[in-house]
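1. Give me a 3D structure for the following:
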Amino acid sequence: MKKQKILITGGAGFIGRHLTAYLQKSGHWVRWLDNLDPQVHGPKAIHNTAYCQQADEMLLGDVRERKDWQRALQGMNTVFHLAAQTGTGQSMYQVARYTNVNVGGTALLWEILANESTKVKKVIVASSRSIYGEGAYTCFAGCGLVVPESRSKLELQKKQWRLMCPKCNGAVQAIATPETCPPQPASLYACTKLAQEQMSLAMGKALNISTVVLRFQNVYGAGQSMRNPYTGIISIFSNQMRQNLPINIYEDGEESRDFVFVEDVAKVCAWALKLDSPTAILNVGSGQATKVIELAQILKVCWHSTSQITISGDFRVGDIRHNWADTSQLQKAWPTWTATSLNKGLVKYIRWAKMQPVFADHSNKAMNELKTRNL
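-> Presented below is the predicted three-dimensional model:
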């Protein structure tokens with residue numbers, strides 16, 4: 001493959017760093033555009049000149065600023081658009097901020113590509129499993145594949161955690177969610193990611209720019225922020241457990257997620273560079289569901305922690321019950337694809353995490369911010 005000049009927005013993030021390593025190993029030249037958000041990178045990152053030396057070039061800038069996009073796009077062949085605000089709960093009260101970054105920033109990218117001369121031939125967009133909402137279920141009464149409605153605040157207050165068939169109101173069972181499942185976002189964050197997808201696919205087709213949408217499941221691994229209390233359940237639990245702090249499990253602990261190792265995600269992103277298609281949408285996950293209570297118990301053993309695990313019945317409006325990826329399309333595109341097991345990935349993650357500073361736990365602050373807003 002011809003060596004390319006590649007822009008990664010949000011390149012200083014943990015996915016961006018792993019992706020950069022893969023791309024540089026293949027001989028590509030990588031530029032980052034990142035604002036070094038203190039919530040993710042800490043307050044001192046912006047003053048640390050060594051922090052972003054991995055990139056061939058680092059541009060400190062914001063995807064909400066046209067001039068920063070114009071500067072970043074000069075000479076680039078491909079754009080990996082990873083920059084985003086990512087907290088599900090936080091998005092429900094920082095509506096303008098999430099919309100401006102995720103939707104407005106993406107709109108600026110495509111406006112420049114539509115109106116100015118660039119060398120960009122491919123755009124790869126990091127989307128999210130959150131766009132599915134509750135995702136795919138099968139109805140026991142025979143309604144087939146269904147997508148249940150998002151749970152209302154009233155249902156969550158009554159601790160009605162389980163979902164019902166939207167057609168017959170009967171019992172349903174969660175199944176792996178394929179890319180063909182109709183989107184039904186349950187949070188503002190999910191709405192922004194769906195909008196990001198749709199505008200990218202539409203504009204890519206109109207401008208004849210190959211566009212790939214990658215719907216990430218719950219990504220974890222070395223480099224993930226351990227100070228951010230709004231996103232990354234494995235990092236949040238790990239930061240608490242290494243300090244033997246109490247662990248609060250929402251709902252009944254039976255809710256499940258698909259945890260995918262960051263090195264696997266970076267590999268898929270790098271492969272997407274070679275995908276010969278005008279447009280494509282792919283799930284990126286392990287294809288395995290893990291209950292949150294099981295995750296907490298595994299992490300407690302890994303950290304040799306004395307943390308007390310409590311199933312509190314707390315909840316967040318906009319959270320989903322179950323979701324894991326149907327990865328058959330990913331495996332069709334790359335038959336050699338295999339996901340790192342959760343146990344193996346956690347061993348690597350914890351080995352890295354043990355070398356990081358211990359951060360104050362702000363998860364209660366994040367939860368109280370939701371409670372004061374009745375979310």
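2. what helix or strand is residue 108 on?
-> Using DSSP states H and E, residue 108 sits within helix 105-115.
3. Extract the residue ranges of the stretch 1-150 of the chain that are flagged as low pLDDT.
-> Low-confidence segments of the stretch 1-150 of the chain, defined by pLDDT under 70, are absent.
4. got the contact list for the helix holding residue 108?
-> Residues outside helix 105-115 that contact it (CB atoms under 8 Å, 6 or more residues apart in numbering): 9, 62-66, 69-70, 73, 79, 81, 83-84, 118, 120, 123, 125, 195-196, 199-200, 203, 206-207, 209. (C-beta placed from N, C-alpha, C; glycine too.)
5. start to end distance for stretch 72-89?
-> Taking CA to CA, to the nearest Å, stretch 72-89 runs 31 Å from one end to the other.
6. mind listing what's buried in that stretch?
-> For stretch 72-89, a neighbour-count test (16 or more other CB atoms under 10 Å) marks 72-73, 76-89 as buried.
7. Show me what the residue nearest to residue 234 when sequence neighbours are not counted bridges to in the sheet.
-> Excluding the flanking residues, the one nearest residue 234 by CB to CB, 6 or more residues apart in numbering is residue 220, at 4.3 Å. Beta bridges link residue 220 to residue 261, judged by DSSP bridges.
8. isn't residue 220 right up against residue 349?
-> Yes - Residue 220 lies in contact with residue 349 (CB atoms under 8 Å); the separation is 6.1 Å.
9. just the buried residues of stretch 72-89 now: which is nearest residue 268?
-> Nearest to residue 268 out of those is residue 80 (CB to CB; 11.6 Å).
10. Next, the contact list for the closest one, please.
-> 6-9, 11, 16, 19, 124, 126, 269.
11. Give me the subset of those residues lying in strands.
-> Cross-referencing the contacts of residue 80 against strands under DSSP state E gives 6-9, 124, 126.
12. Okay, helices next: where are they in the stretch 51-200 of the chain?
-> 66-73, 88-91, 95-98, 105-115, 153-157, 188-207 (DSSP state H, counting those that start in this stretch).
13. which of these is buried the deepest?
-> helix 88-91 (a mean of 23; mean count of other CB atoms under 10 Å).
14. That one - contacts with which helices or strands?
-> helix 188-207, helix 363-371 (3 or more CB pairs under 8 Å, 6 or more residues apart in numbering; DSSP states H and E).
15. quick one: contacts of that helix?
-> 85, 98, 130, 187-190, 192, 230-231, 316, 318-319, 366, 369-370, 375.
16. Check stretch 345-357 too.
-> Counting by CB under 8 Å, 6+ apart, 220-224, 226, 234-235, 238, 242, 259, 261, 298-299, 302-303 sit against stretch 345-357.
17. on that earlier part again, if you average pLDDT over each of the helices and strands packed on helix 88-91, which comes out lowest?
-> For the helices and strands packed on helix 88-91, mean pLDDT drops lowest on helix 363-371, to a mean of 83.
18. Report the buried residues of that helix.
-> 363, 366-367, 369-370.
19. Can you add distance to residue 357 and give those back as TSV?
-> TSV is the format used below for these (distance: CB to CB, whole Å):
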residue	distance to residue 357
363	17
366	19
367	23
369	24
370	27
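20. Identify, from these, the entry nearest to residue 274.
-> residue 366 (39.3 Å).
21. OK, contacts around the spatially closest residue to the closest one that is not a sequence neighbour?
-> Among residues not flanking residue 366 along the chain, residue 229 sits closest, at 4.2 Å (CB to CB, 6+ apart). Residues counted as contacts of residue 229 (CB under 8 Å, 6+ apart) are 236, 361-363, 365-366.
22. sorry, back to before: CA atoms only: put the helix holding residue 108 into PDB for me.
-> Provided in PDB are the C-alpha atoms of helix 105-115 (Å, rounded to 0.1, in the frame of the first residue of the first chain):
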ATOM      1  CA  GLY A 105     -16.800  19.600  14.600                       C
ATOM      2  CA  THR A 106     -17.800  16.900  12.000                       C
ATOM      3  CA  ALA A 107     -19.800  19.400  10.000                       C
ATOM      4  CA  LEU A 108     -16.800  21.700   9.800                       C
ATOM      5  CA  LEU A 109     -14.700  18.900   8.400                       C
ATOM      6  CA  TRP A 110     -17.100  18.200   5.600                       C
ATOM      7  CA  GLU A 111     -17.800  21.800   4.900                       C
ATOM      8  CA  ILE A 112     -14.100  22.300   4.300                       C
ATOM      9  CA  LEU A 113     -13.800  19.100   2.200                       C
ATOM     10  CA  ALA A 114     -16.800  20.300   0.100                       C
ATOM     11  CA  ASN A 115     -15.600  23.900  -0.500                       C
END
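23. between it and helix 66-73, how big is the angle?
-> 70 degrees (axes from the mean of the first three to the mean of the last three CA atoms, to 10 degrees).
24. distance between helix 105-115 and the chain's centre?
-> 22 Å (CA atoms, centre = their mean, to the nearest Å).
25. Could you measure from residue 349 over to residue 223?
-> 9 Å (CB to CB, to the nearest Å).
26. So the two - more neighbours on which side?
-> residue 349 (23 against 17; other CB atoms under 10 Å).
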